[in-house]
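Undergrad: Sequence first, then the predicted structure, then my questions.
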Amino acid sequence: MKLKLATNYAELSEKLDAIAKDDRVDNQEVISFAVEADKLANGLEITYKDQNLLTSLQKGVDDLSDQLQKIGIAVLKNKLSAEEKERVDKLVQFQLAQLIVNYNRVLGK
């Protein structure tokens, strides 16, 4: 994996380590992260202006994951040059870094 994530939660670390061992991720492994998040969100509600923020976050991450899948397929189908593939990869990494940096800024202290 190009990008790595460190966590202080053992169960998440174990899942990430298992994926890193074979350097292969199937759809069930991706979905398993959403399933775990759904379990953790069950019964929790954090609202702001009548919006359940946890539900919105979960939907946003699900949508982002779906978009990444589509980008990967489009890169293959559109036969991008090596330079174009690298630009797509780099911009996606910057966007993911934005999420991680903001997480560390607001919750990860």
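TA: Arrived safely.

Undergrad: Only C-alpha atoms from now on, for both contacts and neighbour counts.
TA: Will do.

Undergrad: Helix or strand: which one has Asp38?
TA: Using DSSP states H and E, the secondary-structure element containing Asp38 is helix 27-41.

Undergrad: any idea which helix or strand comes after that helix?
TA: strand 47-48.

Undergrad: quick one: average pLDDT of the helix holding Asp38?
TA: The average pLDDT within helix 27-41 is 91.

Undergrad: what packs against it?
TA: Packed against helix 27-41 by the contact rule (3 or more CA pairs under 8 Å, 6 or more residues apart in numbering; DSSP states H and E) you find helix 53-77.

Undergrad: Next, the angle from the helix it packs on to helix 27-41.
TA: With axes from the mean of the first three to the mean of the last three CA atoms, to 10 degrees applied, the angle from helix 53-77 to helix 27-41 works out at 170 degrees.

Undergrad: List the buried residues for helix 53-77?
TA: Of the residues in helix 53-77, Leu54, Thr55 count as buried by neighbour count, 16 or more other CA atoms under 10 Å.

Undergrad: next one: that helix to chain centre, how far?
TA: In terms of CA atoms, centre = their mean, to the nearest Å, the centre of helix 53-77 is found 8 Å from the chain centre.

Undergrad: What lies in contact with it?
TA: Counting by CA atoms under 8 Å, 6 or more residues apart in numbering, the neighbours of helix 53-77 from elsewhere in the structure are Ala34, Ala37, Asp38, Ala41, Leu44, Glu45, Ile46, Thr47, Lys85.

Undergrad: switch the cut-off to 10 Å
TA: Judged by CA atoms under 10 Å, 6 or more residues apart in numbering, the contacts made with helix 53-77 from elsewhere in the structure are 27, 30-31, 34, 37-38, 41-42, 44-47, 80-81, 84-85, 88-89, 92, 96.

Undergrad: Narrow those residues to just the buried residues.
TA: Of all the contacts of helix 53-77 considered here, the ones buried according to neighbour count by 16+ other CA under 10 Å are Val88.

Undergrad: roughly how far apart are Gln69 and Glu45?
TA: 29 Å (CA to CA, to the nearest Å).

Undergrad: May I see the buried residues of stretch 14-25?
TA: Leu16.
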